[in-house]
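Asks: turn this into a model:
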Amino acid sequence: MDPVQNPLFREPIGTIFRTKREQLGLSIEDAAKSLKFGSHLVEAIEHEQWEKLGAPVFAKSYINSYIKLLGLNEAIRDEIPNLQRNPSLKAITAIKIEPAGRRLNWLFGLISVAAVIAVVAYFSLRQAQDAPVTLDNLIALGDSAKPAADNNKALDTTAIALPGQVAPAEPSALPAVSAPDSTGTSASELRIVSVKENWLEVRGKDNAVLFSALMVAGQEYRQSIDKIGKITLGNANSAEITRDGQALDISALVRDDIARFSLDDAGQPIALSQ
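Replies: Residues are numbered from 1 along each chain as shown. Prediction:
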């Protein structure tokens, strides 16, 4: 009698898994080896210790795999409590996301002040060529020429070069700043942006956790590719993944809406076993 179809004679869910495994002549270790995850997860399912399976997105994956191995009715999954509830998570690594324009506001302000000082110094030198020019004089001239604060107007950032010098570049022509790695060359960067909500876990080459959190819509995660060992991404079809600005397609790696992958030497995603 199928306990899922007849609620009047329902057995405990864990007992259903254990009984079916024993009928198939499998030990816990045999089942774990076939499922490619730890035997403690098999024991947690059979003892209904759902909290030991981790976040619902991972618990659902483990339970689905065990159901398929034992050939059970998939409707048994609906009998498991709290399987669809999102966990209360605390991010190991906090990422503050700001628009790119705000990050350069301080730089534009600095360039504006420098441009004003350069203009004042240039005209002062033309009017008094015989007067010695010192650093103190330039600072004094710059202080006397600072414009009154006006929140509704931007400072003119046009720079005029002193005689014999090259004019500084316009702010819009400044190159993007990138952090060099330990060898002095720019490292490739992986960027993951959450479109809806995504559970993300990133481990390093030594299997240490670099990031583990539930990402809300619009949140992003960045990491140098040479530091990444493996990635687990829940609700994978609703995330955007790029490498140095180029989109990466992981649709072929998604199973039960979860993608487990690493990156090869060329920075392309390759599948990992569960």
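Asks: under the pLDDT cut-off, which ranges of the stretch 1-150 of the chain? List them.
Replies: Residues of the stretch 1-150 of the chain that meet the criterion pLDDT under 70 lie in 1-10, 82-103, 124-150.
Asks: try 80 this time
Replies: 1-11, 81-108, 119-150 (pLDDT under 80).
Asks: got the buried residues for stretch 238-248?
Replies: Neighbour-count burial for stretch 238-248, counted by 16 or more other C-beta atoms under 10 Å, picks out 239, 241, 243, 248. Yep, even glycine has a C-beta here, placed from its N, CA and C like the rest.
Asks: neighbours of the residue nearest to the first one when sequence neighbours are not counted, just the number please.
Replies: Read it as Ala239. Of all residues not flanking Ala239 in the chain, Asn198 sits nearest, at 4.9 Å (C-beta to C-beta, 6 or more residues apart in numbering). The tally of other residues near Asn198 (other C-beta atoms under 10 Å) stands at 25.
Asks: tell me the confidence at Asn198?
Replies: pLDDT, Asn198: 89.
Asks: thinking again about what came up before, mind putting the buried residues of stretch 238-248 in JSON lines, pLDDT included?
Replies: Listed next are the buried residues of stretch 238-248 as JSON lines, based on pLDDT from 0 to 100:
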{"residue": "Ala239", "pLDDT": "90"}
{"residue": "Ile241", "pLDDT": "90"}
{"residue": "Arg243", "pLDDT": "91"}
{"residue": "Leu248", "pLDDT": "87"}
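Asks: check the secondary structure at Phe261 for me.
Replies: strand (DSSP: H, G, I helix; E, B strand; the rest coil).
Asks: before we move on, the earlier item: what's the most distant pair in the buried residues of stretch 238-248?
Replies: Ala239 and Arg243 (13.7 Å; C-beta to C-beta).
Asks: re the thing from before, show me the buried residues of stretch 238-248 that map onto strands.
Replies: Per DSSP state E, strands hold the following members of those: 239, 241, 243.
Asks: Asn235 touches Ile192, doesn't it?
Replies: No: assessed by C-beta atoms under 8 Å, Asn235 is found out of contact with Ile192, at 11.8 Å.
Asks: what is in contact with these two at once?
Replies: With contacts taken as C-beta atoms under 8 Å, 6 or more residues apart in numbering, the residues that reach both Asn235 and Ile192 are Asn198.
Asks: sketch out the low-pLDDT regions of the stretch 151-274 of the chain for me.
Replies: Checking the stretch 151-274 of the chain against pLDDT under 80 turns up 151-187, 273-274.
Asks: 70 - rerun?
Replies: Checking the stretch 151-274 of the chain against pLDDT under 70 turns up 151-186, 273-274.
Asks: ok, how many other residues are close to Arg77?
Replies: 16.
Asks: that one contacts Ser61, correct?
Replies: No: applying C-beta under 8 Å, one finds Arg77 not in contact with Ser61, separated by 11.1 Å.
Asks: sweet, I'm off.
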